[in-house]
Structures are given as C-alpha cells and as structure tokens.
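> Model the following, please.
(chains A and B)
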Protein chains: 2
Amino acid sequence: MPFARTPRPPYYAVIFSSQRSAGDRGYAETAARMVELAHGMPGFLGMETARDDAGFGITTAFFDSEEAIKRWRDHPEHAAARKRGRAEWYRHFELRIARVERAYGADGAHG
Amino acid sequence: MPFARTPRPPYYAVIFSSQRSAGDRGYAETAARMVELAHGMPGFLGMETARDDAGFGITTAFFDSEEAIKRWRDHPEHAAARKRGRAEWYRHFELRIARVERAYGADGAHG
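Here you go, the predicted model:
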C-alpha cells in the first residue's frame, strides 16, 4: 500500500524531491532505515515515495505539527543520513515544508 | 531538468499521488497535454513528477495562490481529464492542497 493514511487536514508535509547520483553506496539500506525511523517518530502520520527509472524521486512525509518535523530533522541518525545524502547520494535535491489545508482521495472505477 | 524552479515561499502546492491501472488507454497523451496546459495557467510556478515501475506516482504542481489552483481545477480540459482519470487511469489517488512555508534546495557533492 503506497498511500499514506492521513487524517483530516490540517497537518504538515515534508516534500523531498531528489535526483540520485549513480551507484548505491549504502543508499538503499539507509533509506529503509529512515522509513523505519520516521514511523517511530512522535507525530508521524505516514509517508509516500516514488522514484523513476532516471533516479528522480519525490517523497512526502506527513506530520501532525511543525514541532514533530523539527524533532525528525534533529534526530541524530536522520541528520547523519542527510549529511551522507549531500555528500554521496544526491546530485540535487529540493526540500519544501508545507501545511496541508485540504485533502481528497478516491478509488477509481478500476480500483 | 525534473526540478521546479519555485520562488521563495509562501506559495501553494497541489500534491497528487496515484496508482495507475494497467494499460495506457490514452493516459500518456493526456498527461503530456495536462503538463502543457498547466504551464500556460496564470499563477503556475512549476511542477515535478516521479512514477515508479509499479505505477505509483507523485506529482507536485506549484501555484502562487489558492485562486490559481481553483482556476486550474476549473479549466474544462483539466476537469474532463480528471473524470477520465477516475474512470480509466487510476486505481486510487490522493490529492492534497498545501501552503509551502519553507523551502531549501542544494546540489550534492556529486552534482
């Protein structure tokens, strides 16, 4: 199930888009650990991620407050992973913090 | 260049995540047309999209105001495409409208 089951807005989103550099260099293992770590953070509401064949990816992580995002940012293991990301894993990235104000989801007719 | 060159926040994001159904059925052509159409909308700031091998994708589209998002939602060609999306192209989707409050981007060391 790739979709996050988020509550009614408002809540907060960390939108992280990135272009991977070539080679794994420990990326997959750390990415999996970050997913595990995020799920244990207070205020974490869920996450979604998609990465295409060219190595461009978007991950959205949802939290109940800006304070929860700050705790996630300041977690030592996450901070160390970000440092490795800049040095080894990403050619470029964009990080956006946003307040989700409205949300709507549905199954398609072929659901 | 898969990254949107967005201005300093605040601005607004439409975060659309979706699981494609099997088969194209006109999807690729309409998706390309929607990208073209979005770029011509007043207040449009850029978009990013990633879809993985399993057909799960996230698209973020950025606008300068909620009014611009409403105009995009109400464009007849976009409304018709959304209707086809629900009927033919998506097993499930989630749409979130968010106000981007902070943003940060950087090149990696392997940029």
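> tally of neighbours for the residue lying closest to A:Tyr12 once chain neighbours are set aside?
Distances taken as Cβ to Cβ, 6 or more residues apart in numbering or on different chains put A:Phe63 closest to A:Tyr12, at 4.9 Å, once the chain neighbours are dropped. Every residue, glycine included, has its C-beta placed from N, CA and C. For A:Phe63, the count of nearby residues is 25 (other Cβ atoms under 10 Å in any protein chain shown).
> Grab the longest helix from chain A for me.
helix A:27-39 (DSSP state H).
> what about the nearest residue to A:Asp52 once chain neighbours are set aside, distance to B:Glu66?
Distances taken as Cβ to Cβ, 6+ apart put B:Ala50 closest to A:Asp52, at 4.8 Å, once the chain neighbours are dropped. Distance of B:Ala50 to B:Glu66, given as Cβ to Cβ, to the nearest Å: 25 Å.
> swap in A:Ala32?
For A:Ala32, the distance to B:Glu66 (Cβ to Cβ) stands at 37 Å.
> The two: which is more packed in?
B:Glu66 (14 against 10).
> Model confidence at the more buried one, what's the number?
Looking at B:Glu66, its pLDDT is 97.
> Ok, A:Met1 next?
Confidence at A:Met1, expressed as pLDDT, is 80.
> And A:Ala109, by the same measure?
Confidence score, pLDDT, at A:Ala109: 85.
> how about the nearest residue to it, chain neighbours excluded?
Computed as Cβ to Cβ, 6+ apart, the closest residue to A:Ala109 that is not its neighbour in sequence is B:Ala87, at 4.9 Å.
> Hmm, that neighbour is touching B:Ser21, no?
No - the pair B:Ala87 and B:Ser21 fails to qualify as a contact (Cβ atoms under 8 Å) at a distance of 9.9 Å.
> Of the two, give the one with the bigger neighbour count.
Neighbours per residue, other Cβ under 10 Å: of B:Ala87 and B:Ser21, the larger number sits with B:Ser21, 20 against 13.
> For that one, which residues are in contact?
B:Ser21 makes contact with A:108, A:110, B:55, B:88-91 under the criterion Cβ atoms under 8 Å, 6 or more residues apart in numbering or on different chains.
> what sits in contact with each of B:Ala87 and B:Ser21?
A:Gly108.
> ok, back up a step: show me what contacts the residue nearest to A:Tyr12?
Residues near A:Phe63 by Cβ under 8 Å, 6+ apart: A:11-14, A:41, A:43-45, A:69, A:72.
> chain center to the longest strand along chain A, what's the gap?
Ranked by residue count and defined by DSSP state E, the top strand of chain A is strand A:90-107. Here strand A:90-107 shows a centroid-to-chain-centroid distance of 9 Å under the convention Cα atoms, centre = their mean, to the nearest Å.
> Could you list the buried residues of it?
For strand A:90-107, a neighbour-count test (16 or more other Cβ atoms under 10 Å in any protein chain shown) marks A:90-100, A:103 as buried.
> Also stretch A:40-57?
A:41, A:43-51, A:55-57.
> Quickly find the element holding A:Ser18.
strand A:11-20 (DSSP states H and E).
> So what are the sheet partners of that strand and their directions?
Looking at strand A:11-20 with DSSP bridges, its partner strands are strand A:56-63 (antiparallel), strand A:90-107 (antiparallel).
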